[in-house]
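Peer 1: coordinates only, no sequence provided:
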């Protein structure tokens, strides 16, 4: 029997957002900065960087599967999810700090040290990530609630990127191997403190379960009867969601991973360089209430399709306007962030919907979902590492190729996603 869920209060939504902000500091730093850190501060070649990051992501993906299965017996409520993510945040935080010290290790040890510390971080992050993701399914009961939590997640994630860019933009723009390595370690310690504190806050807030609001018995009976009638007619869209996240992670990662390189080597105006990554994050953040409203009005499948089409247009616009500094560059950065944030928000909402009916399988489904996502990102980073090895991205004219990759990969990905979204819409 499925236990009744506590009400999704505004307070719980805000605190979940804070916890997701903390988790996003780890994930977005790894997505945005790790590649740049390894090549520009730790001295790795692009191909070695690609192999190191890709192998760690594949490892992370398989640990996600394991975490999903192991935690399925323990994570059935919001409180148990919060407890699991707090404990894992301590281990992940220690490993994160260890990895950020890579630039200070002797050259002969750097590659081995980076791989070992990064695998430790990926291990801890999986057991931190899976219950934190599952929380949104365990805490929500309707599509509207799922959309709210997914929207809050991406507002928190966007805010974390803004925070990260404020810290890292000067370091990226004026990369110096010796000083940069020390600064990177210091930032790692600071971010870890925030992460653990945010996880603790969510845990403390779920210690006393809130009573479920009184429900009208006749109304509940009517909804339950209607659900029983509708459920058998609905195919499981979960396999389609796995294909969607694989395609999205494979292609959208190209834009994310190359933002730091674009800022450092393509952008000419200092103000544009300092503001570009922040503008992408700002777009993701401020657009979330609009996507949430779109879900409420037209439903998740329709909002998913709109976000796909708009991201395609934003990717093409980036190709055309990226060099129009400062206004064109920053405007298209905001637009791409806003549109791509809509895809992720609606896709995670659809996942929460697919996972919510089986609390005993919730962590398994989230683990499998991130397994597909991270393997796709591993493939992407391998491709990017190989691509960066074929041209001098630090040279002005050659740096133009960064724009083509950042635009072309997401554009192709959205075309593939559009076909999948049509099937999802017919299945829901």
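Peer 2: Yes, it's here. The shown structure was predicted, so the numbers you read here are calculated from the model rather than taken from an experiment. Numbering: from 1, shown residues only.
Peer 1: would you list every one of the helices in the stretch 151-300 of the chain?
Peer 2: Listed in chain order, the helices found in the stretch 151-300 of the chain under DSSP state H, counting those that start in this stretch are 177-205, 217-230, 238-261, 270-286, 288-298, 300-321.
Peer 1: nearest to residue 369, of those helices?
Peer 2: helix 238-261 (5.9 Å; CB to CB). For the C-beta atoms, the positions are set from N, CA and C on the backbone; glycine is no exception.
Peer 1: what helices or strands is that closest one leaning on?
Peer 2: helix 10-32, helix 34-36, helix 270-286, helix 327-356, helix 362-388, helix 400-427 (3 or more CB pairs under 8 Å, 6 or more residues apart in numbering; DSSP states H and E).
Peer 1: elements contacting the longest one?
Peer 2: It stands for helix 327-356. Checking 3+ CB pairs under 8 Å, 6+ apart, helix 327-356 ends up next to helix 107-138, helix 143-173, helix 238-261, helix 270-286, helix 288-298, helix 300-321, helix 362-388, helix 400-427.
Peer 1: my guess is residue 83 meets residue 203, correct?
Peer 2: Yes: between residue 83 and residue 203 there is a contact at 5.8 Å, judged by CB atoms under 8 Å.
Peer 1: select from the helices of the stretch 151-300 of the chain the stretch with the lowest mean pLDDT.
Peer 2: Per-stretch mean pLDDT for the helices of the stretch 151-300 of the chain is lowest at helix 217-230 (a mean of 43).
Peer 1: which secondary structure element of this protein has the lowest mean pLDDT?
Peer 2: helix 217-230 (a mean of 43; mean pLDDT, DSSP states H and E).
Peer 1: what does residue 45 show for phi and psi?
Peer 2: phi -70, psi 160 (degrees, to the nearest 10).
Peer 1: could you dump the helices and strands packed on helix 327-356 into TSV and include mean neighbour count?
Peer 2: Below are the helices and strands packed on helix 327-356 laid out as TSV (neighbours: other CB atoms under 10 Å):
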stretch	mean neighbour count
helix 107-138	22
helix 143-173	22
helix 238-261	22
helix 270-286	21
helix 288-298	18
helix 300-321	20
helix 362-388	23
helix 400-427	19
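Peer 1: quick one: which of those is nearest residue 57?
Peer 2: That would be helix 362-388 among the helices and strands packed on helix 327-356, by CB to CB, at 3.8 Å.
Peer 1: report all helices and strands that the closest one contacts.
Peer 2: For helix 362-388, the packing partners by 3+ CB pairs under 8 Å, 6+ apart are helix 46-71, helix 107-138, helix 238-261, helix 327-356, helix 400-427.
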